[in-house]
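Enquirer: Predicted coordinates and the sequence they were generated for:
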Amino acid sequence: MNSLALDPIQPDGADAAVADEALQRIKGYLGRHQDQRRIPLVVEDDGCETLIVPRGAVELLARVLAHMAAGTGVSVVPSHAELTTQQAAEMLNVSRPFLVGLLEAGEIDHRKVGTHRRVRAESVLAYLREDDKRRREAADELTRLTQEMGLD
């Protein structure tokens, strides 16, 4: 198995429908069993086999299914994976030169291997979380100012 998968799996319409049905069942199960840390999964083929899976893995599967149900491509990247600048730029949906600027400004942790930069996936995700937080705060501030000015 490849330890770093950046190429998204793109669902077609049939896959999206199956993903949506599975997502609803998983969400229902997780909602009914909120204190359960290990989840039994039954695999049916020639017989039935029960697999015990950590709750976090099932929650991650639910997130993957949600994206697939929406028709969005999905890829899984381990948080410790080191990315090239091109891969990191693609995760952020920005150009590689823009990403390099973020790296040089110290916005995202990275290291150099010879002349090449390597960026940990967890650093990219941390930047995304912080960027989302800044955007929400800015939107909240604009909403507050609009209300104060009576423009709402």
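Expert: Sure thing, it's come through. None of these values were measured; they are calculated from a predicted model.
Enquirer: How many residues are close by Asp140?
Expert: Asp140 has 10 neighbours, counted by other C-beta atoms under 10 Å. The C-beta positions use only the backbone N, C-alpha and C, and glycine is treated the same way.
Enquirer: model confidence over the strand or helix carrying it, on average?
Expert: Taking DSSP states H and E as the definition, one finds Asp140 inside helix 121-148. On average, the pLDDT along helix 121-148 is 94.
Enquirer: which other helices and strands contact that helix?
Expert: strand 82-83, helix 85-92 (3 or more C-beta pairs under 8 Å, 6 or more residues apart in numbering; DSSP states H and E).
Enquirer: now the angle from the last one to helix 121-148?
Expert: Think helix 85-92. Between helix 85-92 and helix 121-148, the angle comes out at 40 degrees (axes from the mean of the first three to the mean of the last three C-alpha atoms, to 10 degrees).
Enquirer: Counting neighbours, what do you get for the nearest residue to Leu102 once chain neighbours are set aside?
Expert: In space, Leu102 comes closest to Ile108 once its chain neighbours are excluded; the distance is 5.1 Å by C-beta to C-beta, 6 or more residues apart in numbering. Ile108: 20 surrounding residues under other C-beta under 10 Å.
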